[in-house]
Each structure stands twice: as C-alpha cells, then as structure tokens.
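Visitor: Sequence first, then the predicted structure:
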Amino acid sequence: MQQATAEQLEAGHALTAGQQIEGGYFAGIITINGQQYGIVVTPKEGELDDQQWGPRKNRDAIEGANSFFDGQANTQAMAAAGSELAKAIQGLEINGHTDWYLPARDELELVYRNLKPTANRNFRLSGDNPSSVPVGYAYSINEPGQTVATDFQEDGEQALKPTWYWSSTQASADGAWMQDFADGDQNLCHKLLAFRARAVRRFLIN
C-alpha cells in the first residue's frame with residue numbers, strides 16, 4: 001500500500017481507509033474533546049488473542065475508563081488498575097511508535113465501519129457513532145460493506161478476524177463494550193472472559 005504524504009497527513013480527509021500511515025494503517029477520523037484525530041490501526045503484530053479486559057477485584061468500576069471516544073485515556077486507567085491487556089498494549093513498539101492503545105467504543109466502531117473484513121450482512125441495531133467524522137448512523141443490512149482495502153479483507157494479510165474484539169470503554173464494574181467484526185454487533189461482556197484486541201494510535205489533524 002502507498003505511504004501517506006505529509007500533505008495528506010495534515011489534511012487527514014485526503015487519506016483512504018487501509019492506507020499505510022504513522023506506523024500502521026489509516027482507519028478514519030474521530031473527534032476527541034473538540035479536536036479531530038486520525039486513527040491508525042496496528043499491523044497484524046499489534047493484535048492480541050485470548051485476552052481478559054482487566055481486573056474485577058471488587059464491586060467498583062475503574063475510574064477514568066468510561067470514555068466512548070478517548071481510548072488512550074481509558075487504556076491508561078486500565079493499566080493503572082492492573083489490566084494485563086492494557087499493559088501489553090502499552091508495551092508495544094511497532095514501526096518506531098510506542099503510543100499504541102486499546103480503542104474506545106467509537107474508535108473501534110470506526111475501524112469496523114471502514115475496515116470491515118467480511119461481506120456479511122450487518123447487525124442493524126449497532127453503528128451509531130457521534131464521535132466519528134462524518135458522524136456515523138446505525139448500520140443497514142448492507143452498509144457498511146466489505147472494505148475495499150484488499151489487505152484488510154477476510155483472510156488478507158492485515159485483516160481483523162470475524163469475531164469479537166474488546167474496546168477500552170467500561171460499562172460497569174463487571175463489563176466492557178465489544179464489537180463483533182463478523183457483523184458489527186456491539187454489546188457488553190464480562191471483563192474476565194477472553195477475546196481478541198487490536199491496538200490503535202492517533203495523530204492530530206491540523
């Protein structure tokens with residue numbers, strides 16, 4: 001895939017999903033605290049399997065891990081509370097970058113919307129994303145369709161698996177948000193169950 005130019009990085013909107021950029025692959029644009037950022041998915045080496053979300057040592061939720069759009073802040077809070085998943089992601093060094101994190105729910109939705117691996121029908125009760133640019137609305141059966149980025153299509157070199165992935169967005173003391181990359185379903189699951197995770201990083205769009 002073609003590497004992004006400096007001009008495309010500055011504009012952000014000139015990039016295409018799956019384009020090589022900033023140590024990984026462009027997944028879209030999100031608004032965080034009023035500022036737009038480009039979201040970058042790690043190469044396949046930044047994907048982890050059979051991971052618990054994090055500790056559930058008492059009845060209290062983890063403070064600071066509830067954002068729907070700021071996965072970086074969530075991941076920091078998770079790691080401080082003892083999450084091995086968060087610590088593993090923070091320890092990644094890929095293509096010279098060490099600021100990878102577990103995407104928040106809206107960041108993970110953006111990855112699905114733009115880098116969907118399958119041609120499966122979508123789960124139509126999911127997909128609402130007030131943080132994405134442009135704002136995302138609930139899926140139809142056929143939209144979004146399978147990504148046109150061939151490396152991210154099912155069985156492609158960089159493709160996400162058609163299964164459940166953790167987000168860093170906590171829902172309660174017991175559960176956190178997930179997204180199914182087979183059909184886009186978004187739901188909650190117990191933190192102590194094991195699923196996949198794919199790290200992201202972000203860059204500021206001027």
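Guide: Yep, that arrived.

Visitor: For the rest of this, base every contact and every neighbour count on C-alpha atoms.
Guide: Noted.

Visitor: End to end on stretch 169-185, go ahead and measure it.
Guide: 15 Å (C-alpha to C-alpha, to the nearest Å).

Visitor: Stretch 122-133 now?
Guide: 20 Å.

Visitor: now swap in stretch 55-66 and tell me
Guide: For stretch 55-66, the end-to-end distance is 15 Å (C-alpha to C-alpha).

Visitor: just stretch 74-86 next, same as before
Guide: End to end - C-alpha to C-alpha - stretch 74-86 spans 9 Å.

Visitor: contacting residues for I32?
Guide: Residues in contact with I32 (C-alpha atoms under 8 Å, 6 or more residues apart in numbering) are 69-70, 131.

Visitor: run the last query once more with 10 Å
Guide: Neighbouring residues of I32 by C-alpha atoms under 10 Å, 6 or more residues apart in numbering: 67-71, 131-132.

Visitor: Quick check: of those, which lies closest to D183?
Guide: S132 (19.0 Å; C-alpha to C-alpha).

Visitor: that older thread, just the contacts of I32: which are in strands?
Guide: Within the contacts of I32, residues falling in strands by DSSP state E are S132.

Visitor: mean confidence for stretch 48-55?
Guide: For stretch 48-55, the per-residue pLDDT values average out at 94.

Visitor: buried ones in it?
Guide: 48, 51-55 (16 or more other C-alpha atoms under 10 Å).

Visitor: For those, please prepare CSV with the additional fields secondary structure and distance to Q90.
Guide: Formatted as CSV, the buried residues of stretch 48-55 follow (DSSP: H, G, I helix; E, B strand; the rest coil; distance: C-alpha to C-alpha, whole Å):
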residue, secondary structure, distance to Q90
L48, strand, 12
Q51, strand, 14
Q52, strand, 15
W53, coil, 14
G54, coil, 14
P55, coil, 16
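
Visitor: what's the most distant pair in those?
Guide: Maximum distance among the buried residues of stretch 48-55 (C-alpha to C-alpha): 17.3 Å, for L48 and P55.

Visitor: Mind checking which of the contacts of I32 are in helices?
Guide: Members of the contacts of I32 lying in helices (criterion: DSSP state H): G71.

Visitor: of the contacts of I32, closest to R105?
Guide: Set against R105, the nearest of these by C-alpha to C-alpha is F68 (5.1 Å).

Visitor: Tally up the residues packed near that closest one, please.
Guide: F68 sits with 23 neighbouring residues when counted by other C-alpha atoms under 10 Å.

Visitor: in the helix or strand hosting A79, what counts as buried?
Guide: In this assignment (DSSP states H and E), A79 forms part of helix 71-80. Of the residues in helix 71-80, 71-79 count as buried by neighbour count, 16+ other C-alpha under 10 Å.

Visitor: can you list those in CSV and add distance to K161?
Guide: CSV is the format used below for the buried residues of helix 71-80 (distance: C-alpha to C-alpha, whole Å):
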residue, distance to K161
G71, 21
Q72, 23
A73, 25
N74, 23
T75, 22
Q76, 25
A77, 27
M78, 24
A79, 25
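
Visitor: With that, I have no additional questions.
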